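Asks: quick one: sequence and predicted model below, then my questions.
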Amino acid sequence: MITFMNNSDSEEESCNERTSLMSAESPPVPSYQDGLQASEAGEAQAHRKRRTGGSCNPTNMADGEAPGRGVPVRASTSESEEEELTLKYGAKHVIMLFVPVTLCMVVVVATIKSVRFYTEKNGQLIYTPFSEDTPSVGQRLLNSVLNTIIMISVIVVMTVFLVLLYKYRCYKFIHGWLILSSLMLLFLFTYIYLGEVLKTYNVAMDYPTLFLVIWNFGAVGMICIHWKGPLQLQQAYLIMISALMALVFIKYLPEWSAWVILGAISIYDLMAVLCPKGPLRMLVETAQERNEPIFPALIYSSAMIWTVGMAKPDTAPRGPSQQTWDAAEDGRENHRSPSHAASQMSETSPAPTHPITSLEELEEEERGVKLGLGDFIFYSVLVGKAAATASGDWNTTLACFVAILIGLCLTLLLLAVFKKALPALPISITFGLVFYFSTDNLVRPFMDTLASHQLYI
Amino acid sequence: PALGLFLFTIARDPLRIIILIAGAFFWLVSLLLSSLIWFIAVKASDPQDESLQKGLLIFGVMFSVLLQEAFRFLYYKLLRKAIEGLVALSEDGCSPISIQQMAYVAGVGFGLMSGAFSMINLLADALGPGTVGIHGDSQLYFLTSAFMTMVLIFLHTFWGILFFHGCEHRRWWEITAVVVMHLAVSGSTFCNPLYVGSLVPSYLLMAAAAAWAYSLSGGSTQNLRRFFLCKF
C-alpha cells in the first residue's frame, strides 16, 4: 500500500487535466492535460482504492509510513483486529466520504440552477469536435460516440504518459505540470465563475476588489493543496476545485456525448484499475514499490496524521521523517488509531517500543479514506447534467443523488471486503445513469399526473 | 419537522445515515417499478378515454402502495442480515444499533424520500410567480399539499416501526394493518380537493399509528406524563 502521498504531485496532475480542458478556450495549452485528467481520475480512483485498502491494512500503512520506527506492527492478531476495526470504522468512513461528495454536488447543482451561464451552449472543447446539432438521431448518436472515443483516447494517452513519467522518475516535470494546472484552475476558472455569479445576482464589483479576492483565494489554495495546510481547508479547496471542473465539463460537453462519456469512463476506470496491465494499476504498484505516496494533489483524503515530535533519542532520526511525512498529505493513508497502535506495538515489540508507544499516544491518527478527485468531478457532472437537462427537475436530481450515494456505499463495502484499490466510478455511475434515465422517462409522468390530481402514494 | 427529526436523531450516528439513505433508495426503486407498470398500462390503453385514465391512475396508486410495502419488507430482510453481520463484527457481541432504531430510521428514510418527491417540484414552483388555483382549483393547494406531505412522512415513520415490529414477532395482523392503513390514506387522497375527506382521516390515522408505535417502542402514559412534567 502506498503510505506516503505527495500532495503536490497529485494536484499538479489534476491541474493538468483541468488545464487541458482549458485548451478549448486557449489553444496553446498542450494536449497532455487531458490525459492528466484521465490519469488523475484513474489515479484518484486507484489512490482511492488503495487508500481504502490501506485503511483495511493499517499495519501495512504503519509499516510503510513509519519505516523509521522499525516496529513490526504487523502480527497475526493485529490483522484480525484490523479487520474488525476496518469494518467498525466503515460506517464512519462512508460518512466521511458522503459529506464531501454531497457538498460538491450541492455546489454544482446550486450553480447550475441559478447561474444561467453554465447551461448555455457556447461552443465545445476541442476534445469533442463533433457537433450535436445534426438533424437526424442516427447522426447525433454517431457524433456523440465519436466524441467519446476521442475523449477517452485522450484520457488514456495522458494516463499512460503520466505513468511513464512516474516510472522514469521525472518528478520535476510532473510537479511542474501539476502546479501549472492547479494555477490555471484556481485563478482562471475562479475568475470566470465569480464573474458569472456576480452577473446573475446583479452585484457590482470593482476590479481591485476582485483581484484581491481572487489572489487571496488562489494563493491560499496553492499553498494548501501543494504544501501544508489545515486539513479542513485543504478538503474545502479540493471540493471547490472539483466543483469548478465539473461545471466546466457540464458547460462544454454536448448532451448525448456527456452521457456516453460518463458510461465509457466508468468502463475505462474499471479496466484501468483492475486489469494487470492497466496504467493505473501499474502506477499504484510502482508507487508501492518505491514506498511513496502517489500524487497527493489528485486525491481527497479524509483524515490526517498529526505527529507530535518524538523526543526519544533513538526515534530522533525517524522523527523528522515522520514530521515531513505527516506534514505532507500523509493523512490520506489510513492509520490506526493511536491507542490501538500503541497497544499493538506494546504487544508485538516489548522493550524498545515502549517509549515510542507512550509518545505515540500523543499522535492523532485517524483512519481516513481517500477518494480520487476525478471521482468527485464525474459524480458532480452526472448530477449537474441531471439538474440542467432533466425536465423533471428536482425529482431526477434527487434520484441521481441518492443513487450515487448508494453506489459509493456499495463500493466502500466492496473495498472493505477485497482490501485493495477499487474503481470508484463504475457502480455509482451505473446506478446514477440508470436512475436518471428511468426517472426522467418513467417516474416523471407518473408523479406529474399524481401531483395534478393531488393524489398521494 | 421531518428535517428536524433527521437532524436531531439521525445525523449523529453514521450508521443511521447509511440506513436512511438505503431506505430512501429502496423507496425510490419501488416508485420506479410502480411507475414503470403505470407507464406501460397507459401506453397500452387509449389516451382519449378520461375515465379509463383515471381508473388506471387509481390502479397505479394502489399498485404503488403495495409495492412500497413489499419493498419495506425486503428492506427489513436486508437489515436483519446486516444486523447479524454487525453483531459478528462488534467487539462485545452486541449490535451497535438495535432493530427498533433501524425500523425508525428506515421509516424516516422512506418518509423523507416520498415527501421529497411529493413536495419538491411544488416548492420550486412556489418560488416563482403565479397565482394559486387560477383555473378554479382550490386556493389552498400549497397548504394542503404541505400538510399532507408532513402527515405522510410521519406515517411512513410509524409504519416502519410497526412493520418491523410485526415482522420481528411474526404478527401478521400488524403487517396487514399497516398495508391497509397505507391503502386507506392513499385512497382518501382520491377525494381531493374535498380536503376534509383526505386530511382529517389521515391525521386521525396518524395519531392512531403514533400511539401504537409509541406503545410498541416501550413507552407508556407514565413516561409521557413524566416527560411533560419535567419540561414544564
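Replies: That came through fine.
Asks: doesn't A:Asp133 lie inside a helix?
Replies: No - A:Asp133 is assigned coil when assessed by DSSP: H, G, I helix; E, B strand; the rest coil, not a helix.
Asks: quick check: pLDDT value at A:Ile429.
Replies: With respect to pLDDT, A:Ile429 scores 90.
Asks: which of the residues in the host helix or strand of it are buried?
Replies: Per DSSP states H and E, A:Ile429 falls inside helix A:425-438. Across helix A:425-438, burial judged by 16 or more other CB atoms under 10 Å in any protein chain shown covers A:Leu425, A:Pro426, A:Ile427, A:Ser428, A:Ile429, A:Thr430, A:Phe431, A:Gly432, A:Leu433, A:Phe435, A:Tyr436, A:Ser438. In this view, the C-beta of every residue, glycine as well, is placed from N, C-alpha and C.
Asks: just stretch A:206-226 next, same as before
Replies: In stretch A:206-226, counting by 16+ other CB under 10 Å, buried: A:Ile214, A:Phe217, A:Gly218, A:Gly221, A:Met222, A:Cys224, A:Ile225, A:His226.
Asks: residue ranges with poor pLDDT in the stretch 151-300 of chain A?
Replies: A:292-297 (pLDDT under 70).
Asks: wait, does the helix or strand hosting B:Gly187 contact chain A?
Replies: Counting by DSSP H and E, the element that carries B:Gly187 is helix B:172-188. Yes - on the criterion CB under 8 Å from any CB of the partner chain, helix B:172-188 is in touch with chain A at B:Val185, B:Ser186.
Asks: output the contacting helices and strands for that helix.
Replies: On a contact count with 3 or more CB pairs under 8 Å, 6 or more residues apart in numbering or on different chains; DSSP states H and E, helix B:172-188 meets helix B:50-89, helix B:141-168, helix B:195-216.
Asks: next, the angle helix B:195-216 makes with the next helix or strand after the first one.
Replies: Heading C-terminal from helix B:50-89, the first helix or strand you meet, by DSSP H and E, is helix B:99-127. Helix B:99-127 runs at 160 degrees relative to helix B:195-216, counting by axes from the mean of the first three to the mean of the last three CA atoms, to 10 degrees.
Asks: other SSEs contacting helix B:99-127?
Replies: helix A:394-418, helix A:444-453, helix B:2-5, helix B:14-44, helix B:50-89, helix B:141-168.
Asks: could you measure from B:Phe158 over to chain A?
Replies: Distance, B:Phe158 to chain A, by CB to the nearest CB, to the nearest Å: 16 Å.
Asks: residues contacting that residue?
Replies: B:Gly107, B:Met206, B:Ala209, B:Ala210, B:Trp212, B:Ala213 (CB atoms under 8 Å, 6 or more residues apart in numbering or on different chains).
Asks: how far away is the nearest residue to A:Thr430 once chain neighbours are set aside from chain B?
Replies: Excluding the flanking residues, the one nearest A:Thr430 by CB to CB, 6 or more residues apart in numbering or on different chains is A:Ser266, at 6.6 Å. Noted for A:Ser266: a distance of 19 Å to chain B, by CB to the nearest CB.
Asks: deepest-packed of the helices and strands packed on helix B:172-188, please.
Replies: Compared across the helices and strands packed on helix B:172-188, helix B:141-168 shows the largest average neighbour count, a mean of 22 (mean count of other CB atoms under 10 Å in any protein chain shown).
Asks: now do the contacts for A:Glu196.
Replies: A:Glu196 neighbours (CB under 8 Å, 6+ apart): A:Val115, A:Phe117, A:Tyr118.
Asks: could I get the pLDDT score of A:Ala66?
Replies: 37.
Asks: can you name the element that comes right after the one helix or strand A:Met96 maps to?
Replies: Using DSSP H and E, A:Met96 sits in helix A:76-114. As assigned by DSSP H and E, the chain's next helix or strand after helix A:76-114 is helix A:137-167.
Asks: quick one, the helix or strand just after that next one and helix A:137-167 angle?
Replies: Toward the C-terminus, helix A:137-167 is succeeded by helix A:171-184 as the next helix or strand (DSSP H and E). If you take the same axes, to 10 degrees, helix A:171-184 sits at 130 degrees to helix A:137-167.
Asks: does anything pack onto helix A:171-184? Which helices or strands?
Replies: Using 3+ CB pairs under 8 Å, 6+ apart, helix A:171-184 is in contact with helix A:7-22, helix A:32-56, helix A:137-167, helix A:207-226.
Asks: in the longest one, what counts as buried?
Replies: Think helix A:137-167. Quick answer for helix A:137-167 (16+ other CB under 10 Å): A:140, A:143-145, A:147-148, A:150-152, A:154-163, A:165-166.
Asks: near chain A, anything from stretch B:201-219?
Replies: No - judged by CB under 8 Å from any CB, stretch B:201-219 makes no contact with chain A; its nearest approach is 8.7 Å.
Asks: who's in contact with that stretch?
Replies: B:100, B:148, B:151-152, B:154-155, B:157-159, B:161-162, B:165, B:181, B:184-185, B:188-189.
Asks: tell me the spacing between B:Ile58 and chain A.
Replies: 8 Å.
Asks: and for the residue nearest to A:Ile406 when sequence neighbours are not counted, the neighbour number?
Replies: Closest residue to A:Ile406 apart from its sequence neighbours, by CB to CB, 6+ apart: B:Phe25 at 4.7 Å. For B:Phe25, the count of nearby residues is 23 (other CB atoms under 10 Å in any protein chain shown).
Asks: got the contact list for B:Phe25?
Replies: Here B:Phe25 is in contact with A:Val402, A:Ala403, A:Ile406 (CB under 8 Å, 6+ apart).
Asks: what about 10 Å?
Replies: A:399, A:402-403, A:405-407, A:409, A:431, A:435, B:71, B:75, B:109, B:113 (CB atoms under 10 Å, 6 or more residues apart in numbering or on different chains).
Asks: adding distance to A:Ser182 as columns, could you present the residues you listed in a markdown table?
Replies: Output for the contacts of B:Phe25, formatted as a markdown table (distance: CB to CB, whole Å):
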| residue | distance to A:Ser182 |
| --- | --- |
| A:Ala399 | 34 |
| A:Val402 | 32 |
| A:Ala403 | 31 |
| A:Leu405 | 28 |
| A:Ile406 | 32 |
| A:Gly407 | 28 |
| A:Cys409 | 30 |
| A:Phe431 | 31 |
| A:Phe435 | 33 |
| B:Phe71 | 45 |
| B:Tyr75 | 44 |
| B:Gly109 | 39 |
| B:Met113 | 38 |
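Asks: hang on, the earlier thing: so what angle separates the directions of the helix holding A:Ile429 and helix A:444-453?
Replies: 50 degrees.
Asks: helices and strands around helix A:425-438, which ones?
Replies: Secondary-structure packing of helix A:425-438 (3 or more CB pairs under 10 Å, 6 or more residues apart in numbering or on different chains; DSSP states H and E): helix A:32-56, helix A:255-274, helix A:373-389, helix A:394-418, helix B:14-44.
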